[in-house]
Structures are given as structure tokens and as C-alpha cells.
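1. Take a look and give me a structure for this.
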Amino acid sequence: MNDTMASDPRIEWMHRQRTAGRILLLLLAAVTILGSCAPLSTPANEETDSEPVAAYYLKADEINRMNTMILSRAQTVSPPGEYLLGEGDLLQISVFEAEELDSKVRVSSRGLINLPLIETVAVKGLTAIQAEEKIEALYRASYIKNPHVTIFVEEHISQRITLVGQFKIPGTYDYPSKQRLLDVIALGGGMNEKAGQLVQVRRSRSVSGQPDTFMIDLDQLITQGNTQLNIEINGGDVVFIPEAGVFFVDGSVRRPGAYAIKHHTVVQEAIVEAGGFETWAKKDAIKLLRVFENGERKVIDLDLSLSDVREMAINDRDILVVEESGAAGFMKGFGVSFLGTGFSYYGR
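-> Here you go, the predicted model:
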């Protein structure tokens with residue numbers, strides 16, 4: 001009986017299958033154990049997408065020192081009469097000699113208000129004091145011998161500023177009076193621990209012949225004391241402090257803006273990140289604005305036909321500007337001023 005079972009080919013086949021199954025299970029267990037014990041590693045030829053941004057951060061004591069200097073120089077309180085009236089502002093107007101003429105009015109989209117007796121008055125762009133004097137003159141001309149008018153701005157709608165990026169307290173703020181760059185940085189609580197040393201100020205209202213965007217180096221303004229960089233901020237402006245470890249590309253590229261430095265970003269890659277050249281770009285007229293070890297920012301002309309220029313490494317706070325061809329240069333749609341360098345760029 002036993003000899004018959006041993007010689008049965010079906011039983012032998014089942015025995016071989018069980019044995020193979022046990023071996024396979026043992027191999028899988030061994031692979032699992034070895035895999036869990038092996039250290040995690042990255043292939044030698046595989047680089048991380050970007051350097052740790054923390055490598056570009058200022059030290060905590062340096063940030064604290066700069067914030068202390070900002071707060072010490074900031075003028076956090078300005079005369080209320082400096083506020084420029086604009087559309088949407090709600091005004092409480094009082095006439096001391098005739099209370100029946102008191103009124104609460106909102107500035108229209110055209111910058112006008114309607115008052116008793118004198119009807120329409122244009123106040124947009126005037127300070128509260130200037131508007132008071134104008135209304136007094138109108139009442140004096142026909143109705144009141146020596147009127148005294150006061151204006152209280154109940155709602156500041158037209159004059160707000162937006163602080164974005166690496167502020168301690170970013171956001172949109174009422175802007176009741178004109179202040180300067182250091183004042184509004186203090187308004188946003190100062191710089192946080194990730195802040196870079198470059199600030200971009202974008203104007204909301206274009207003025208013919210003047211730039212729409214300003215680039216300011218905080219190191220030159222705060223540490224070196226270049227007060228000319230402490231520009232006046234207007235209502236509606238956007239103030240942007242980028243994170244450390246970024247570069248800017250502007251001018252005749254498809255996507256101008258701020259970009260993080262990768263593991264080894266070079267000039268050619270920076271242009272590609274910004275979407276490449278516009279059709280009207282002057283490819284042999286590229287400016288590099290770079291901060292050197294002595295803190296001075298210089299303008300360098302680049303020629304991309306040279307391989308060593310294309311492979312030039314990008315540094316923190318670098319600014320690349322691609323100029324326009326001669327024909328396109330007649331169309332001046334925007335302007336960027338790089339304060340402290342003497343260089344401004346006007347383009348479409």
C-alpha cells in the first residue's frame with residue numbers, strides 16, 4: 001500500500017508543489033526583512049528638485065536687528081489731514097455755523113459729493129483739509145459770512161494698501177495718510193524669519209512718465225542707510241516681500257515674476273522658467289542686476305550667445321531684465337525702476 005502511494009505520480013506532483021510553495025514563502029520573507037533593514041538612499045545621479053530654501057534665510061538675530069531698525073525709523077502716526085479722498089469714502093461733514101447743513105455723504109465713482117445748497121463738489125484727490133477749505137469757500141461765496149467746516153472720514157475705502165509675502169502680519173490695511181516704505185513694513189509687523197532682502201512695490205495707478213513697479217534692496221535701505229530708497233507709498237499700492245532664495249525675471253518674457261533658486265539654476269534655465277522670450281524680446285540685450293560681497297548692486301550686460309554666460313549660476317536676489325527690440329520699444333506700457341542702481345526699464 002505504501003509503495004503504491006509513493007509511486008503514484010499525482011502524489012509526487014503534489015509533494016513537489018508544497019515544497020516549492022514553502023521555498024517561495026521563505027524567499028519572500030527574506031526579501032521583506034532585508035528591505036526593511038536596508039537604509040533609504042537616493043540614486044547617485046538623482047538630484048533633489050531644489051536646494052533647501054533655509055540655506056538662504058537670514059539668521060534670527062539678523063532679522064531681529066533689521067526689524068528693530070525698521071521700527072525705530074518708522075513714522076507710525078501721520079497727520080490725519082494727509083489722507084487723499086477717493087471713491088467710496090464715507091464722509092461726515094459738519095458746518096459749525098449751521099447744523100442743518102451737516103451731512104453724511106459717500107464719494108461717488110467720479111469723485112463727487114452732493115451737499116445742501118452748493119450741490120456737487122469734486123473732492124477726489126484732495127486731503128480732508130483741502131476739501132474743508134474748498135467747501136468753506138463755496139459756502140462763503142453765497143450763503144455764510146465766515147463758515148467753519150470739518151470733515152471726518154468714517155470709512156477709508158479708496159485708500160488701502162496690500163502687504164503680501166514674508167510680513168509678520170500680511171494683509172490689506174486702511175491707509176489714512178501717506179507714509180513711506182519703512183512705515184508700511186512696520187505696519188505689517190516687520191519681516192518674518194523667511195523674508196528675503198528685496199522688496200517689490202507695485203503702483204495701482206499709472207502716472208505718465210513714471211514707473212509702475214519699484215524694486216528696493218532692504219540691505220541698502222536699512223543697513224547702509226540709503227534713505228532715497230525709502231519711497232513714498234500710495235493708496236492702492238501692493239508691497240511684496242518674497243521669501244529668501246529667489247530671483248526675479250522681468251521685461252520681455254512670457255511670465256515675469258519671482259522664482260525659487262533650484263539646485264543649480266543658471267541664466268538660461270531662469271529665462272525658461274519665466275516662460276521664455278516674447279517675440280519682441282531683444283535676446284542680446286539682457287541685464288543682470290546682482291548684489292556683490294560689499295553690498296553694492298551692479299548692472300551687468302549679458303550676451304546669451306556665449307555658452308559661459310548661458311551657464312552662469314543665478315544668485316539669491318538676482319534680477320534679470322530682458323529688453324525689447326527697437327521697434328517694440330515705442331510702446332511704453334509699464335516701467336520698472338531698480339532703485340539704487342540708476343537703471344529703469346520701460347516696456348509694453
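
2. The stretch 101-250 of the chain: strands as residue ranges?
-> Using DSSP state E, counting those that start in this stretch, the strands found in the stretch 101-250 of the chain span residues 103-106, 112-115, 119-122, 149-155, 160-165, 171-174, 179-180, 198-202, 213-217, 232-233, 238-241, 246-251.

3. Kindly state which of the ones you listed is positioned closest to Asn294.
-> Of all these, it is strand 213-217 that lies closest to Asn294, at 12.8 Å by CB to CB. Where C-beta positions appear, they are placed from N, C-alpha and C, glycine not excepted.

4. Residues contacting whichever helix or strand comes after the closest one, please?
-> For strand 213-217, the succeeding helix or strand toward the C-terminus, using DSSP states H and E, is helix 218. For helix 218, contacts defined as CB atoms under 8 Å, 6 or more residues apart in numbering pick out Met66, Met191, Gln197, Leu198, Val199.

5. what number of residues lie near the closest residue in space to the last one that isn't next to it in sequence?
-> Meaning Val199. In this structure, Val199 finds its nearest non-sequential neighbour in Ile216, 4.6 Å apart by CB to CB, 6 or more residues apart in numbering. Residues near Ile216, counting by other CB atoms under 10 Å, number 23.

6. now Glu99
-> 8.

7. what about it, distance to Gly88?
-> To Gly88, Glu99 is 26 Å away according to CB to CB, to the nearest Å.

8. repeat for Ser142
-> 29 Å.

9. picking that back up, list the contacts for the residue nearest to Val199?
-> When contacts are counted by CB under 8 Å, 6+ apart, Ile216 is found next to Leu181, Leu198, Val199, Gln200, Val201, Leu229, Ile231, Leu339, Gly340.

10. Likewise for Leu198?
-> Contacts of Leu198 by CB under 8 Å, 6+ apart are Met215, Ile216, Asp217, Leu218, Ile241, Pro242, Val246, Phe248, Arg317, Ile319.

11. Try it again at 7 Å.
-> The neighbours of Leu198, taking CB atoms under 7 Å, 6 or more residues apart in numbering as the test, are Met215, Asp217, Leu218, Pro242, Arg317.

12. I'd guessed the second one sits against Gly196; true?
-> No - using CB atoms under 7 Å, Asp217 makes no contact with Gly196, being 10.0 Å away.

13. okay, these two: which has more neighbours?
-> For Asp217 versus Gly196, neighbours defined as other CB under 10 Å are more numerous around Asp217 (25 against 22).

14. Show me what the more buried one is bridged to.
-> Asp217 forms beta bridges with Leu198, as assigned by DSSP bridges.

15. now, the most widely separated pair of the contacts of helix 218?
-> Checking the contacts of helix 218 with CB to CB, the most distant pair is Met66 and Leu198, at 12.9 Å.

16. what's the spacing between the residue nearest the centre of the chain and Gly257?
-> Centroid-nearest residue in the chain: Phe240, 2.9 Å away (criterion: CA atoms, centre = their mean). Relative to Gly257, Phe240 is positioned 10 Å away (CB to CB).

17. same thing with Gln200?
-> Gln200 sits at a distance of 10 Å from Gly257 (criterion: CB to CB).

18. okay, these two: which has more neighbours?
-> Using other CB under 10 Å, the more surrounded residue of Gln200 and Gly257 is Gln200, with 20 against 14.
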